[in-house]
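Chemist: coords below, sequence missing:
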């Protein structure tokens, strides 16, 4: 904690990143996370903040993606990077307990059968949703984007929204670009009914570091 002693917060993103690097004493490349506390009422349906984002500099990892689709689309989705594709057969596989994937995508026509997976995928945050962009007619492009690290975000019950924004080893300018892209996305997603200060706090942290509050212009 010495690196943070007497440092006024919030601080500039660049300075916060320099301090984060001082906590990089592990043998693994720590993940950098960004959390914003929003001035929304999470109990109001019209104030929920949810979507998906591909960061400009990536996040240093890829995701395992499955796609609920059939026919030619299934073959194209596999070519685009999906680890599994299918319809009834894939629904049954997931119902039977297979959850070794990060993101589930579906075409709108598949949701009639995929809807049966709500109890399985809902609690894990993997249920395909039009609002999150994981139910789409352009499933081949969606597979490419999510395989490359596109992430869903949604506010929690406390009005917090978070996203992985890279690794500690990333160049400073790449982390800044990713953090700014996330902040910009959340600003654009401000619910019309949200009043007062929208972004109350923005904090970044690494896997093994304390949180550092940064300035949001």
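Modeler: Noted; the coordinates are in hand. Note that the coordinates shown come from a computational prediction; the quantities given were computed from them, not determined experimentally. Residues are numbered from 1 along each chain as shown.
Chemist: When you work out contacts or count neighbours from here on, use the C-alpha atoms and nothing else.
Modeler: Noted.
Chemist: Let me see the domain layout of this protein.
Modeler: The record's domain parsing of the chain by automatic domain parsing lists 2-53+153-213, 65-148.
Chemist: Tabulate the ones you listed (JSON lines), appending mean neighbour count and distance to residue 59.
Modeler: Listed next are the domains of the chain as JSON lines, based on neighbours: other CA atoms under 10 Å; distance: least, CA to CA, whole Å:
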{"stretch": "domain 2-53+153-213", "mean neighbour count": "17", "distance to residue 59": "4"}
{"stretch": "domain 65-148", "mean neighbour count": "18", "distance to residue 59": "9"}
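Chemist: Can you lay out the ones you listed as CSV showing mean pLDDT?
Modeler: Listed next are the domains of the chain as CSV, based on pLDDT from 0 to 100:
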stretch, mean pLDDT
domain 2-53+153-213, 92
domain 65-148, 94
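Chemist: State the next helix or strand along the chain beyond the longest helix belonging to the chain.
Modeler: As assigned by DSSP state H, the longest helix anywhere in the chain is helix 172-188. Helices and strands here follow DSSP states H and E; after helix 172-188, the next one along the chain is strand 199-206.
Chemist: Report the angle between that following strand and helix 172-188.
Modeler: Put simply, strand 199-206 runs at 150 degrees to helix 172-188, going by axes from the mean of the first three to the mean of the last three CA atoms, to 10 degrees.
Chemist: Please name every helix or strand in contact with the helix or strand immediately after strand 199-206 in the chain.
Modeler: For strand 199-206, the following helix or strand on the C-terminal side (DSSP H and E) is strand 212-213. Here strand 212-213 touches strand 199-206, going by 3 or more CA pairs under 8 Å, 6 or more residues apart in numbering; DSSP states H and E.
Chemist: The nearest residue to residue 208 once chain neighbours are set aside sits in which helix or strand?
Modeler: Of all residues not flanking residue 208 in the chain, residue 23 sits nearest, at 6.8 Å (CA to CA, 6 or more residues apart in numbering). Residue 23 is part of no helix or strand when elements are defined by DSSP H and E.
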